[in-house]
Each structure stands twice: as structure tokens, then as C-alpha cells.
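# Let's see this in three dimensions:
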Amino acid sequence: MDLEVRDDRWRRSGPTGGVVCLLSGPQGEHPQQHLSDFRGILQADAYAGSNPLYEHGSIPQAPCLAYIGRKFYDLMEAHNSPIATEAVQRIAALYAIEKEIRGRSPDERRQVRNSRARPLLESLRTRMETSLS
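Got it, this is the predicted structure:
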């Protein structure tokens, strides 16, 4: 089943939507078949069947912060982990930026993401790599 998603606030001057594919299979064969000719950046949930799509590097992955944040939230709740708590707070700051720029043009959103969100993401990555290594 495919469900097209649109955000008309983009005013058709930029990308106007995406497709959500609800597919499953024991070895992930459906995403691999369905997206065999796909070219572009793929944002997918944490379904392990999608992993082979990224292995050869031809499809860059844009991880979903909702799934990443959920894993950190679960660690924070279960273990009162200071590192997980910090990650949740940092991800919340990224969501605050997205809320602020919702409805703006694609160029404005890109500029804000590059100037404000990118440094936060890079800082989060560095922090997690050093803390969890």
C-alpha cells in the first residue's frame, strides 16, 4: 500500500511530497524490490528489512529522529541514563527548530536547518560517539 503525503505550504515551488510505503516481509524483500530503481535520499523507520538498501551507498539514509529519539527515551526511562536524557533534550531542541520554521519556504527551512540544526546534529553525533565508544 502506498500513501502519498503532501504539504501544500510548500507552494509547489519546491518538493511537494513523498510516498509512505507500508511493506513488510521476513527478509526485507519487499522494500528491496519496491525501491530497486529508487534514486534519492530515503528516510525510513527502523525496519531492519530496509538496511540492505543502504549497504552499497547508492541510497543515502536520512534516519528518522522520531525512532532515534524513542530509543533514547526508552533508555532514559528504564535506566535513568544521563547520556540518554541529554540526547532526548538535544533532539527536543531540533524539534523546536522544526516547529519554528513550519510553513516557511523550502529555501528558508534549508537555511535555518543548515545554520542552526546542522550544528546541533553534529554536536549530538560527536557527543554520542565520544560517550558511547
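# Could you list every helix and strand in contact with the top helix by length along the chain?
In the chain, assigned by DSSP state H, the helix with the most residues is helix 82-101. The contact analysis (3 or more CB pairs under 8 Å, 6 or more residues apart in numbering; DSSP states H and E) places helix 82-101 against helix 65-79, helix 106-112, helix 118-132. The C-beta positions use only the backbone N, C-alpha and C, and glycine is treated the same way.
# want to throw these into TSV with distance to residue 53 and mean pLDDT?
Output for those, formatted as TSV (distance: least, CB to CB, whole Å; pLDDT from 0 to 100):
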stretch	distance to residue 53	mean pLDDT
helix 65-79	16	93
helix 106-112	25	91
helix 118-132	22	93
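# can these go into JSON lines with extra columns for distance to residue 51 and mean neighbour count?
Below are the helices and strands packed on helix 82-101 laid out as JSON lines (distance: least, CB to CB, whole Å; neighbours: other CB atoms under 10 Å):
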{"stretch": "helix 65-79", "distance to residue 51": "13", "mean neighbour count": "14"}
{"stretch": "helix 106-112", "distance to residue 51": "28", "mean neighbour count": "14"}
{"stretch": "helix 118-132", "distance to residue 51": "19", "mean neighbour count": "12"}
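# quick one: which of the ones you listed is nearest residue 41?
Checking those against residue 41 by CB to CB gives helix 106-112 as the closest, at 13.5 Å.
# okay, which residue is most central for this protein?
residue 64 (2.4 Å; CA atoms, centre = their mean).
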